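Trainee: The sequence and its predicted three-dimensional model are supplied below.
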Amino acid sequence: MESSDLPIPTNLHARLRAGTAIPALPLAIDSNRKFDVRHQRALLRYYVDAGVGSLAVGVHSTQFAIRDPTVGLYEPLLAFAAEHIDD
């Protein structure tokens, strides 16, 4: 079965058809290009408080380089979002 053949849960399908927003979460880094936890938390909280349906994490076109293991930002960003999105 291809992933496109998987059924979408009814509640998710209804939210998507209603026009829920799923923006890309910007990456917060400091002047040394290090992950900025404080500002990332503020960005995440801003989007959640605004009522987005979900967040696309690590997908923004300016963030493709973070997937390079030598950069080391992709996994921390995903872990951060997973940990804090339900707070």
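Mentor: Perfect, I can see it now.

Trainee: where exactly do the helices run in this protein?
Mentor: For the chain, helices defined by DSSP state H occupy the ranges 10-17, 37-49, 74-84.

Trainee: pLDDT-wise, which helix or strand of the protein ranks last?
Mentor: helix 10-17 (a mean of 86; mean pLDDT, DSSP states H and E).

Trainee: now that one, how far from the centre of its chain.
Mentor: 19 Å (Cα atoms, centre = their mean, to the nearest Å).

Trainee: Tabulate the CA atom coordinates of it in CSV.
Mentor: Output in CSV follows, covering the C-alpha atoms of helix 10-17 (Å, rounded to 0.1, in the frame of the first residue of the first chain):
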residue,chain,number,x,y,z
THR,A,10,-12.2,11.5,9.7
ASN,A,11,-11.4,14.2,12.2
LEU,A,12,-8.3,15.2,10.4
HIS,A,13,-10.0,15.1,7.0
ALA,A,14,-12.8,17.4,8.3
ARG,A,15,-10.2,19.9,9.7
LEU,A,16,-8.3,20.0,6.4
ARG,A,17,-11.5,20.5,4.3
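
Trainee: Show residues contacting it.
Mentor: With Cβ atoms under 8 Å, 6 or more residues apart in numbering as the test, helix 10-17 has contacts from 8, 53. To be clear about C-beta, it is placed using only N, CA and C from the backbone, and glycine gets the same treatment.

Trainee: Go again with 6 Å.
Mentor: Helix 10-17 has contacts (Cβ atoms under 6 Å, 6 or more residues apart in numbering) with Gly53.

Trainee: mind giving me JSON lines with the helices of the chain and columns for distance to Ile66 and mean neighbour count?
Mentor: What follows is those, written out as JSON lines (distance: least, Cβ to Cβ, whole Å; neighbours: other Cβ atoms under 10 Å):
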{"stretch": "helix 10-17", "distance to Ile66": "26", "mean neighbour count": "11"}
{"stretch": "helix 37-49", "distance to Ile66": "12", "mean neighbour count": "14"}
{"stretch": "helix 74-84", "distance to Ile66": "5", "mean neighbour count": "14"}
